[in-house]
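Student: Give me the fold of what follows.
(2 chains)
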Amino acid sequence: MQTFDPSTMRGDISSIRFEPGSTQDKMILNMGPQHPSAHGVLRIMLELDGEYIIRAEPVIGYIHRMHEWIAEQKTYLQFMPNMGRVDYLHAMAWNWAYAGAVERLVGIQVPERAEYIRVVVTELNRISSHLVWWGAYLLDLGAFTPVMYAFDDREQILDILQAVTGSRLTYSYFTIGGVYEDVPADFSKRCTEFVKRLRSRLPMYRDLVTDNMILRGRCEGIGELSVDVARRYGATGPVLRGSGVDSDTRKSEPYGVYNRFEFRIPTYTEGDAMARYRVRLDELETSCDIIEQAVSSLPEGPVSAKVARVFKPPKGEASMAVEGARGKIIVHVRSDGGPKPYRVKLRAPGFSNMSLFAELARGTMLSDAVSILGSLDLVIPEIDR
Amino acid sequence: MIPECLAAMGATHVVAMNYAATGVVASVSLTPETILNAVEVLDKEGYLLEDVSASDLKEGFEIAYHFSLFEGKSRLVLRLIVSHDAPTVPSISRVYPGADWHERECFDFFGIDFTGHPNLHYLLLPEDFEGHPLVKAEKARKGLVDVMPQTWLVAVGLANPEVPKPEAPKAEKPEPQNAIVAGVKE
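Tutor: Model prediction:
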């Protein structure tokens, strides 16, 4: 419970709480909420001994929008557009998690073609998310050029997805029972061309950045994470796979038609920032493989089950786990038999990954904390929800 | 389908759930006294903490802990109910440090007091915020019988298995495919 009354305090309450420790030469430093490497509006309070971090405490909630309360005020379908705004970089996965949870609750069968389209757009979106992370992470580490290459490639994806969904970032393409609209006629062709293009660029990414000794110096052996710590903090996605755990929701709880495709789950055992970096870059290839298989076998047919705009699911609750670019996204939906959800809970992977930061940053240099923060791939709107 | 380790938890009810319909393999009903022991059992088995969430019901606040293994369909939900007047439950952040933030989020939204929590104050809401936004008005609260699937209710003894059986096929069969598909357009 709150131990003291904030109304009696003056100034910034988070800082007042963060009392200096007993070390003599300590300094309290606020990183953010407008720090360029804080990716949006994240604030971290640090207690420093010289260049070394004694204690770190993230302060979040600057863009908290209370999506879970909004869900209770809207009908099931009306809440869909909110899903594109939770994690703006991998909106499709959130679309899927929510649509999937409601479909489970109601028992809706999604048409085959819709399932394939869902896979393709989600994987395209995953690539674009990883590309943004790649560019931004290197920008944090002081390399300006890579972000230009990353955004050049990402632009191709945005163009494809714009033709499909009508929007470039906050997609609300999924609907309960399928997808909102069929893909354009040249969709498969454009996807294949993009995959070919990205594959030709990956060796350059490696030569330009991955094999760069300055990058290695900033990433190798930094922020080492053991499997047990990751598990107790609930870390998922590339953060967990960078610690050598072969765990991916697409394989462990296959949803949609993922069990029809062959793909490899990249893992690295080092557990450091470099391992997480490598996992994400390898995942670009994984996603390319899936897209190629999916567009080559795209079936014909309807793209959505016939579902009324307002419907009343039976009483009960359903959860849907989806592998997002940052890890396991789960949406829990609970119905009381009415037209609006009784309770919606959004489990954001970044939330759990972010809570790891205090643990990882302890005892590292301040400049390494920036590298660790970047390697966790944080999207603050998703953490704050 | 139900993992063996659940027997050591001292649970009031362990109910196998239909994964295809709920995304969960088993639901474990606990009390605030048994939750710490239960998560220690899961920790030994290598479960990963997914989230801690709460829900406001007539009976009180229901707190649900979701856990899963690295592989396979293995999601467990541990649930317990605390009263509206004294919503107190031991914090599990000693066993699963990742629960720290999840419990703070439950405090934000519902005002649940996690005893033994190292740092329980607003996480997502501003410090001078008053109240807890997801607490429902007395009238809007629904009971467990209104929000839980029939199979679960029968298993924990909240519904009579004989009575709903003749009803269930009638009501349930057309619902998933026809009633909704054909459109309850309002």
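Student: Need the pLDDT of the residue nearest the centre of chain B.
Tutor: Centroid-nearest residue in chain B: B:Ala64, 2.9 Å away (criterion: C-alpha atoms, centre = their mean). Looking at B:Ala64, its pLDDT is 92.
Student: May I have the beta-bridge partners of it?
Tutor: B:Ser53, B:Arg79 (DSSP bridges).
Student: ok, now which ones touch residue 45?
Tutor: Here I'm looking at chain A. A:Ser14, A:Ser15, A:Phe18, A:Ile28, A:Leu29, A:Asn30, A:Met31, A:Ala56, A:Glu57, A:Pro58, A:Val59 (C-beta atoms under 8 Å, 6 or more residues apart in numbering or on different chains). C-beta: built from backbone N, CA, C; applies to glycine.
Student: wait, chain B
Tutor: Per C-beta under 8 Å, 6+ apart, neighbours of B:Glu45: B:Pro3, B:Cys5, B:Leu69.
Student: hang on, the second one packs against B:Val41?
Tutor: Yes - shown here, B:Cys5 and B:Val41 form a contact pair, counting by C-beta atoms under 8 Å, at 5.5 Å.
Student: Looking at the two, which has the bigger crowd around it?
Tutor: Each of B:Cys5 and B:Val41 has its neighbours counted (other C-beta atoms under 10 Å in any protein chain shown); B:Val41 has more, 19 against 15.
Student: picking up where we left off before, and the contacts of A:Met45 near chain B, which?
Tutor: With C-beta under 8 Å from any C-beta of the partner chain as the criterion, these include A:Ser14 near chain B.
Student: Please narrow the contacts of A:Met45 to those residing in strands.
Tutor: Using DSSP state E, the subset of the contacts of A:Met45 located in strands is A:Ile28, A:Leu29, A:Asn30, A:Met31, A:Ala56, A:Glu57, A:Pro58, A:Val59.
Student: Buried ones among those residues?
Tutor: Buried by 16 or more other C-beta atoms under 10 Å in any protein chain shown: A:Met31, A:Ala56, A:Glu57, A:Pro58, A:Val59, out of the ones in strands among the contacts of A:Met45.
Student: Looking at those, which gets the smallest pLDDT?
Tutor: A:Met31 (82).
Student: So which of the contacts of A:Met45 is the closest to chain B?
Tutor: Nearest to chain B among those: A:Ser14, at 7.2 Å, using C-beta to the nearest C-beta.
Student: now the strands for chain B?
Tutor: Under DSSP E, chain B gives strands at B:13-16, B:26-29, B:48-57, B:60-68, B:76-82, B:88-90, B:113-115.
Student: Tell me which of those strands is the most buried.
Tutor: For the strands of chain B, the largest average neighbour count (mean count of other C-beta atoms under 10 Å in any protein chain shown) is found in strand B:48-57, namely a mean of 25.
Student: Report the distance from that strand to the chain centre.
Tutor: 6 Å (C-alpha atoms, centre = their mean, to the nearest Å).
Student: now residue 27, which residues is it bridged with?
Tutor: With no chain named, the answer covers chain A. Beta-bridge partners, per DSSP bridges, of A:Met27: A:Leu48.
Student: nope, chain B please
Tutor: B:Val15, B:Val77.
Student: how near is it to B:Ile63?
Tutor: 13 Å (C-beta to C-beta, to the nearest Å).
Student: and for those two, which residues touch both?
Tutor: In contact with both B:Ser27 and B:Ile63: B:Arg79, using C-beta under 8 Å, 6+ apart.
Student: In a helix, A:Val344, correct?
Tutor: No - using DSSP: H, G, I helix; E, B strand; the rest coil, the assignment for A:Val344 is strand, not a helix.
Student: Tally up the residues packed near it, please.
Tutor: Neighbours of A:Val344 (other C-beta under 10 Å): 25.
Student: With A:Lys189 instead?
Tutor: Using other C-beta under 10 Å as the criterion, the residues surrounding A:Lys189 number 11.
Student: next one: A:Asp186
Tutor: 11.
Student: And for the one 4 residues further on?
Tutor: Residues near A:Arg190, counting by other C-beta under 10 Å, number 19.
Student: go on, A:Gln34?
Tutor: A:Gln34, neighbours per other C-beta under 10 Å, totals 11.
Student: quick one: contacts for it?
Tutor: Per C-beta under 8 Å, 6+ apart, neighbours of A:Gln34: A:Val41.
Student: same deal with A:Ala325?
Tutor: Contacts of A:Ala325 (C-beta under 8 Å, 6+ apart): A:Asp87, A:Leu89, A:His90, A:Ala93, A:Asn125, A:Arg126, A:Ser129, A:His130, A:Trp133, A:Gly237, A:Pro238, A:Asp377.
Student: A:Pro349 versus that one, what's the distance?
Tutor: 9 Å.
Student: what touches both of these two?
Tutor: A:Gly237.
Student: pLDDT weak spots in the chain?
Tutor: I went with chain A, as the question did not name one. Low-confidence segments of chain A (pLDDT under 70): A:1-13, A:16-17, A:19-24, A:35-40.
Student: please go with chain B instead
Tutor: Low-confidence segments of chain B (pLDDT under 70): B:1, B:162-186.
Student: now the helices: where do they sit in it?
Tutor: With DSSP state H as the criterion, chain B has helices at B:19-22, B:35-45, B:99-110, B:144-147, B:150-155, B:164-172, B:174, B:180-182.
Student: B:Lys58 is nearest to which of the ones you listed?
Tutor: helix B:144-147 (7.6 Å; C-beta to C-beta).
Student: B:Glu105: how many residues sit nearby?
Tutor: By other C-beta under 10 Å, neighbour count at B:Glu105 equals 24.
Student: residues in contact with it?
Tutor: Contacts of B:Glu105 (C-beta under 8 Å, 6+ apart): B:Val52, B:Leu123, B:Leu124.
Student: For A:Leu141, give its distance to chain B.
Tutor: 27 Å (C-beta to the nearest C-beta, to the nearest Å).
Student: Over to the spatially closest residue to that residue that is not a sequence neighbour. Which of the three states is it?
Tutor: Distances taken as C-beta to C-beta, 6 or more residues apart in numbering or on different chains put A:Arg218 closest to A:Leu141, at 5.1 Å, once the chain neighbours are dropped. Under three-state DSSP, A:Arg218 falls in the helix class.
Student: now the helix or strand where A:Glu68 lies: how far from the chain's centre is it?
Tutor: Assigned by DSSP states H and E, A:Glu68 belongs to helix A:67-73. Once both centres are worked out by C-alpha atoms, centre = their mean, helix A:67-73 turns out to sit 21 Å from its chain's centre.
Student: One more: stretch A:263-283?
Tutor: With C-alpha atoms, centre = their mean, you get 15 Å for stretch A:263-283.
Student: And that stretch, end to end?
Tutor: Using C-alpha to C-alpha, to the nearest Å, the end-to-end distance of stretch A:263-283 comes to 10 Å.
Student: Give me the buried positions along it.
Tutor: A:263, A:265-268, A:270-283.
Student: Stretch B:97-116 now?
Tutor: For stretch B:97-116, by 16+ other C-beta under 10 Å, it's B:97-114.
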